[in-house]
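S.K.: take this sequence and fold it.
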Amino acid sequence: MPEQLSASVDCFLDTLRFARNASEHTVANYSIDLAQFVEYVIARGATSMQDVDSRMIRSFLRDLVGYGYAKTSAARKLSTIRSMCSFLVERRELPVDPSASVRGPRLPGRLPRALSREDAKRLVESIPDDAHAARDAAVLELLYGCGLRIAEVAGLSWDAVDLPERWLRVLGKGDKERMVPMGRYAVRSLERWKLEIGASREIAGDSPVFPGKGTSPMTVRTVARIVDRAALKAGIPGVTPHVLRHSYATHMLEGGASIRVLQELLGHESIVTTQRYVTVTADRLRESYIRAHPRAKEGE
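M.R.: Next up, the predicted model:
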């Protein structure tokens, strides 16, 4: 390794180890990533970090993915390079950061976990017994029972709710309107909530189902807090409003709903988005295997 490059890498790793108190595991990973990067740029004529530009870094990442590295691995290596470049700029060994304009590989989106049916039931029934109980129950039923987005719940108005026919008219992303059916639990919760707020205020057609301050609808932050409180009471960590929407989608598919129907219910523009919700649990794999394969059944 050329002396200047070696000195830059060693100085950076020493700073991590001694000045920033990084763990040995972290230092080892950075060392491996930088050794690979330095070997690459040396092969392309670089003798110091001043010779490295953004095109060289992009080429390094492109070749990594081409060689079969996962995009997550390439993204981690770019993070390492950025850390060292930022360090060298701070020390004025580099006039500008060559990695600043480099975009990492696009990573596949990750969906939140889906709750089990039992956990979902326990959560939506874990309503703190206070003045907001009826409101919170209705919010949770719309998130899990109808699969609405957090903003769709917050922005719902009474003229979009048909309790006798059990339908919701939902305005989703891109102002796209869709019809969503409600189950009996959601209907009962909304009836109780409407009765409660109707006793203290006049409900017009365009009134928000969940009013906030004045005539404004409830904020999405309040919706998130409602979920947080219910999850805390149920003893189920890591639950967000979108986890409930994902649980709705997963349980619909497990119950036999077609993916096309689910696409309409969720308000997805593309079925590709809906297909990301098609997850198969280990239990379902095992059950399908036992049902389907002649050598899988116990006692045979």
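
S.K.: every contact and neighbour count from this point should use C-alpha atoms.
M.R.: OK.

S.K.: for the stretch 101-250 of the chain, just list every one of the helices.
M.R.: Ranges of helices within the stretch 101-250 of the chain are 117-124, 133-140, 150-154, 184-198, 220-234, 241-254, based on DSSP state H, counting those that start in this stretch.

S.K.: among these, which comes closest to residue 5?
M.R.: Comparison of the helices of the stretch 101-250 of the chain against residue 5 by C-alpha to C-alpha identifies helix 241-254 as nearest, at 46.5 Å.

S.K.: can you pull the buried residues of that closest one?
M.R.: 241-253 (16 or more other C-alpha atoms under 10 Å).

S.K.: nearest to residue 177, out of the helices of the stretch 101-250 of the chain?
M.R.: That would be helix 150-154 among the helices of the stretch 101-250 of the chain, by C-alpha to C-alpha, at 10.8 Å.

S.K.: what packs against that closest one?
M.R.: Counting contacts by 3 or more C-alpha pairs under 8 Å, 6 or more residues apart in numbering; DSSP states H and E, helix 150-154 packs against helix 220-234.

S.K.: what's the helix it packs on packed up against?
M.R.: Using 3+ C-alpha pairs under 8 Å, 6+ apart, helix 220-234 sits against helix 117-124, helix 133-140, helix 150-154, helix 241-254.

S.K.: tell me how far it lies from the chain's centre.
M.R.: The chain centre lies 17 Å from the centre of helix 220-234; the measure is C-alpha atoms, centre = their mean, to the nearest Å.

S.K.: name the residues of that helix that are buried.
M.R.: 220, 223-224, 226-231, 233-234.

S.K.: tell me the angle it makes with helix 133-140.
M.R.: Going by axes from the mean of the first three to the mean of the last three C-alpha atoms, to 10 degrees, helix 220-234 is angled at 100 degrees with respect to helix 133-140.

S.K.: now helix 220-234: mean pLDDT?
M.R.: Averaged over helix 220-234, pLDDT sits at 92.

S.K.: got the CA positions of it in PDB?
M.R.: C-alpha atoms of helix 220-234 as PDB (Å, rounded to 0.1, in the frame of the first residue of the first chain):
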ATOM      1  CA  VAL A 220     -51.100  12.000  13.300                       C
ATOM      2  CA  ARG A 221     -48.900  12.400  16.300                       C
ATOM      3  CA  THR A 222     -52.000  11.900  18.500                       C
ATOM      4  CA  VAL A 223     -52.900   8.800  16.600                       C
ATOM      5  CA  ALA A 224     -49.400   7.400  17.100                       C
ATOM      6  CA  ARG A 225     -49.700   8.200  20.900                       C
ATOM      7  CA  ILE A 226     -52.900   6.200  21.000                       C
ATOM      8  CA  VAL A 227     -51.200   3.200  19.600                       C
ATOM      9  CA  ASP A 228     -48.200   3.600  21.900                       C
ATOM     10  CA  ARG A 229     -50.500   3.700  25.000                       C
ATOM     11  CA  ALA A 230     -52.400   0.600  23.900                       C
ATOM     12  CA  ALA A 231     -49.200  -1.300  23.100                       C
ATOM     13  CA  LEU A 232     -47.700  -0.400  26.400                       C
ATOM     14  CA  LYS A 233     -50.800  -1.700  28.200                       C
ATOM     15  CA  ALA A 234     -50.800  -4.900  26.200                       C
END
